[in-house]
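Undergrad: sequence plus the predicted model coming up.
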Amino acid sequence: MATKLTPLKRSEKFKKGEWHPLSWNDHKVNQLPPYPDVDQLQKVYDQLRYLPPLTTSWEIESLKGKLAEVAAGNGFLLQGGDCAETFDACNAPKIVNTLKVLLQMSFILIHEMGIPVVRVGRMAGQYAKPRSKDFEEVNGVKMYNYRGDLINSFEPNEEARRPDPERMITAYNKAALTLNFLRALSDEGFADLQHPEQWELDFMKNNKYYKEYEMMVHSINKAVSFMEAITPNQFNTLHKVDMYTSHEALNLYYDAAQTRRVPRKTGWFNLSGHMVWLGNRTRGLDNAHVEYLRGIQNPIGIKVGPPFDLDQIVELIQKLNPAHEAGKIVIITRFGVKEVEKDLPRLIRRVNREGFPVVWSCDPMHGNTFATSKKVKTRNFDDILNELRATFDIHRAEANYLGGVHLELTGDNVTECVGGANGLNEEGLNRNYETYCDPRLNYEQSLEMAFLVAREWNASYKR
Ligand code: PEP
Ligand code: CO
């Protein structure tokens with residue numbers, strides 16, 4: 001259970017039972033360890049409440065509008081990034097590489113599928129992690145498990161693992177720096193991405209899709225040159241690309257402190273990011289995370305994987321989106337390749353029977369994690385791909401629209417997932433294994449995935 005905050009000093013009064021940013025504090029909280037010092041927590045909370053917002057209500061509404069289009073079958077959602085961002089990785093090369101791989105993946109999807117792609121990064125706030133156990137033992141000492149830089153330190157000692165509220169201020173600062181750089185890059189600096197020298201495909205020469213990639217990049221560049229030649233001025237405006245941010249709403253103190261009302265609009269906005277999601281382990285109907293999320297205007301992702309109960313999922317969607325607003329709910333299924341055929345069809349049928357206008361997205365990562373004999377956490381590229389394929393097949397068979405993917409990836413050449421066209425094996429994993437949390441697709445695997453997503457989508461929905 002989380003610590004209760006001391007009553008919030010506020011000018012407005014809330015009726016009993018009425019939602020407000022801290023109403024979740026009366027509910028059972030999972031996945032959030034208690035902060036030992038309540039006064040310090042209150043101090044940090046009050047400080048965070050008055051800092052300028054990271055995003056605006058207009059951006060959030062614009063994302064919701066785009067997701068409504070996706071729900072209607074007129075677009076595709078590409079959501080991806082780190083499993084957990086770390087404070088140390090808030091630096092130019094990491095941010096550039098993640099943005100670059102997401103942009104390139106989106107270009108592949110747009111080019112191959114011919115529909116708009118909505119880009120949402122697991123970026124600028126993805127600092128907290130759910131864990132299966134609260135504690136672990138290192139060299140005989142019992143300590144809190146690492147729950148992401150937003151909560152405690154990765155360093156394995158008792159003191160460093162204690163939840164520290166000051167980390168919320170650091171997270172806010174790092175998120176602000178990340179977002180500032182993302183905005184600058186998306187505005188102007190990345191225009192050249194559309195030029196061939198930016199597609200570093202050389203190291204992909206052994207990939208079996210290399211020829212196809214090369215042809216596609218060639219075709220994108222031809223289209224770009226053509227547009228630049230005939231409309232040099234207007235084309236400039238295409239240099240601005242939209243990029244939204246998202247994170248799991250896990251540390252509710254962090255999210256609540258940045259949940260605000262804005263002038264001339266009704267409702268509350270979580271201005272720490274654009275979209276937030278509810279984890280598979282925190283979606284209990286009467287629990288704190290659901291109470292918090294039911295009060296905000298942002299688009300909300302709901303992770304659904306085993307174990308789940310159909311009636312509960314229906315109630316959850318109803319609770320989070322009572323007005324049935326399109327673009328508000330993204331169902332992110334993460335069953336794992338072994339369970340997807342058993343679980344997904346009945347979920348689709350039930351949600352559709354209720355008439356909810358949701359975006360369906362597939363997270364083929366979180367149901368396919370395993371440990372090697374040397375206890376290295378990994379995922380097999382083929383499992384990821386096979387869950388994705390099965391998910392496309394099932395949606396098509398149900399005459400339903402799969403409108404997105406949710407991936408853990410990086411633009412760096414890490415070795416965390418086995419398989420892929422280059423066939424990384426278990427022995428190769430320690431060559432460049434960086435993640436503190438879940439294994440991510442590397443640059444090559446990510447581009448390959450984009451290509452394969454486009455293929456599957458075309459097989460199901462090509463216009
Ligand atoms: C995640 O997306 O990082 C995550 C922990 O997912 P899930 O809640 O689906 O396990
Ligand atoms: Co993860």
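TA: Everything's here; your move. Ligands and ions are numbered 1, 2, ... in the order given.
Undergrad: residues near residue 413, how many?
TA: 13 (other C-beta atoms under 10 Å). To be clear about C-beta, it is placed using only N, CA and C from the backbone, and glycine gets the same treatment.
Undergrad: can you read off the pLDDT for it?
TA: Note on residue 413: pLDDT of 87.
Undergrad: which stretches of the stretch 351-463 of the chain form strands?
TA: Counting by DSSP state E, counting those that start in this stretch, one finds strands in the stretch 351-463 of the chain at the ranges 359-362, 369-371, 377-379, 404-408.
Undergrad: ignore the last one, the stretch 1-150 of the chain
TA: Under DSSP E, counting those that start in this stretch, the stretch 1-150 of the chain gives strands at 76-81, 117-122, 135-138, 141-144.
Undergrad: contacts for the second one, please.
TA: For strand 117-122, contacts defined as C-beta atoms under 8 Å, 6 or more residues apart in numbering pick out 63, 66-67, 70, 75-83, 85, 98-99, 102-103, 106, 109-110, 182, 241-247, 274-275, 404, 408.
Undergrad: then the last one?
TA: Strand 141-144 is contacted by residues 33, 134-137, 152, 156-158, 161-163 when judged by C-beta under 8 Å, 6+ apart.
Undergrad: so what strands line up beside that strand?
TA: In the sheet, strand 141-144 lines up against strand 135-138 (antiparallel) (DSSP bridges).
Undergrad: could I get the contacting residues of the residue of the stretch 251-400 of the chain found nearest ligand 2?
TA: Taking C-beta to the ion as the measure, the point where the stretch 251-400 of the chain comes nearest ligand 2 is residue 366, at 5.8 Å. Residue 366 makes contact with 280, 303, 305, 334, 336, 438 under the criterion C-beta under 8 Å, 6+ apart.
Undergrad: quick one: name the residues of the stretch 301-450 of the chain near ligand 2.
TA: Contact residues (C-beta under 5 Å from the ion) of the stretch 301-450 of the chain with ligand 2: residue 438.
Undergrad: could you redo the last one with a cut-off of 8 Å?
TA: Neighbours of ligand 2 within the stretch 301-450 of the chain, by C-beta under 8 Å from the ion: 365-366, 369, 408, 437-438.
Undergrad: gap between the closest residue to residue 392 other than its chain neighbours and ligand 2?
TA: Leaving out its chain neighbours, the residue that sits closest to residue 392 by C-beta to C-beta, 6 or more residues apart in numbering is residue 456, at 4.3 Å. Distance of residue 456 to ligand 2, given as C-beta to the ion, to the nearest Å: 22 Å.
Undergrad: does residue 456 really touch residue 389, like I thought?
TA: Yes: taking C-beta atoms under 8 Å as the definition, residue 456 is a contact partner of residue 389 at 5.9 Å.
Undergrad: so those two - more neighbours on which side?
TA: residue 456 (22 against 19).
Undergrad: so what's that one up against?
TA: Per C-beta under 8 Å, 6+ apart, neighbours of residue 456: 388-389, 392.
Undergrad: residues from the stretch 1-150 of the chain in reach of ligand 2?
TA: So the stretch 1-150 of the chain meets ligand 2 at 83-84, 129 (C-beta under 8 Å from the ion).
Undergrad: nearest residue to residue 403 in space, please, no chain neighbours.
TA: Going by C-beta to C-beta, 6+ apart, residue 403 has residue 70 as its nearest residue, at 4.3 Å.
Undergrad: I should have written residue 213 there, sorry.
TA: residue 201 (5.9 Å).
Undergrad: and the helices in the stretch 1-150 of the chain?
TA: 38-49, 57-71, 92-113 (DSSP state H, counting those that start in this stretch).
Undergrad: next, count neighbours for residue 53.
TA: 15.
Undergrad: my error: substitute residue 371 in the last question.
TA: 9.
Undergrad: give the contact list for it.
TA: Per C-beta under 8 Å, 6+ apart, neighbours of residue 371: 377-378.
Undergrad: partner residues bridging it?
TA: Applying DSSP bridges, one finds that residue 371 bridges with residue 377.
Undergrad: per-residue confidence at it?
TA: 95.
Undergrad: pLDDT-wise, which helix or strand of the protein ranks last?
TA: The weakest-scoring helix or strand in the chain, judged by mean pLDDT, DSSP states H and E, is helix 232-237 (a mean of 58).
Undergrad: which stretches of the stretch 101-250 of the chain have low pLDDT?
TA: 189-198, 200, 202-203, 232-240 (pLDDT under 70).
Undergrad: around ligand 1, pick out the residues from the stretch 301-450 of the chain.
TA: Counting by C-beta under 6 Å from any ligand atom, the residues of the stretch 301-450 of the chain close to ligand 1 are 303, 305, 334, 366.
Undergrad: so which of the residues of the stretch 301-450 of the chain next to ligand 2 is the closest to ligand 1?
TA: Nearest to ligand 1 among these: residue 366, at 4.2 Å, using C-beta to the nearest ligand atom.
Undergrad: any idea how far that closest one is from residue 393?
TA: 20 Å (C-beta to C-beta, to the nearest Å).
Undergrad: returning to that earlier point: and the residues of the stretch 1-150 of the chain next to ligand 2 near ligand 1, which?
TA: Within these, those near ligand 1 by C-beta under 6 Å from any ligand atom are residue 83.
Undergrad: now rank the residues of the stretch 1-150 of the chain next to ligand 2 by neighbours and give me the top one.
TA: Ranking these using other C-beta under 10 Å puts residue 84 first, with 24 neighbours.
Undergrad: contacts only, for that one.
TA: 126-129, 148-149, 435-438.
Undergrad: at 6 Å instead, please
TA: 129, 148, 437 (C-beta atoms under 6 Å, 6 or more residues apart in numbering).
Undergrad: surely the last one and residue 83 touch.
TA: Which is residue 437. Yes: contact criterion C-beta atoms under 6 Å: residue 437 and residue 83 qualify, at 4.1 Å.
Undergrad: sticking with the closest residue to residue 23 other than its chain neighbours, tell me its helix or strand.
TA: Once flanking residues are discounted, residue 23 sits nearest to residue 291: 5.9 Å by C-beta to C-beta, 6+ apart. Element membership for residue 291, per DSSP states H and E: helix 288-293.
Undergrad: contacts for that helix?
TA: So helix 288-293 is contacted by 23-24, 27, 29, 252, 278, 282, 300, 320 (C-beta under 6 Å, 6+ apart).
Undergrad: how far away is the residue nearest to residue 23 from residue 423?
TA: 47 Å.
Undergrad: the more surrounded of those two?
TA: A direct count of neighbours by other C-beta under 10 Å for residue 291 and residue 423 places residue 291 higher, at 21 against 10.
Undergrad: all helices for the stretch 351-463 of the chain, in order.
TA: 381-397, 443-461.
Undergrad: can you show me the CA trace of the last one as CSV?
TA: Extracted C-alpha coordinates of helix 443-461, given in CSV (Å, rounded to 0.1, in the frame of the first residue of the first chain):
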residue,chain,number,x,y,z
TYR,A,443,17.6,-0.6,-34.7
GLU,A,444,17.7,-3.3,-37.4
GLN,A,445,15.1,-5.4,-35.7
SER,A,446,12.8,-2.4,-35.4
LEU,A,447,13.0,-1.5,-39.0
GLU,A,448,12.5,-5.1,-39.9
MET,A,449,9.4,-5.1,-37.7
ALA,A,450,8.0,-2.0,-39.3
PHE,A,451,8.3,-3.6,-42.7
LEU,A,452,6.6,-6.8,-41.5
VAL,A,453,3.8,-4.9,-39.8
ALA,A,454,3.2,-3.1,-43.1
ARG,A,455,3.0,-6.5,-44.9
GLU,A,456,0.6,-7.9,-42.4
TRP,A,457,-1.5,-4.8,-42.4
ASN,A,458,-1.7,-4.9,-46.2
ALA,A,459,-2.6,-8.5,-46.2
SER,A,460,-5.6,-7.6,-44.0
TYR,A,461,-6.7,-4.1,-45.0
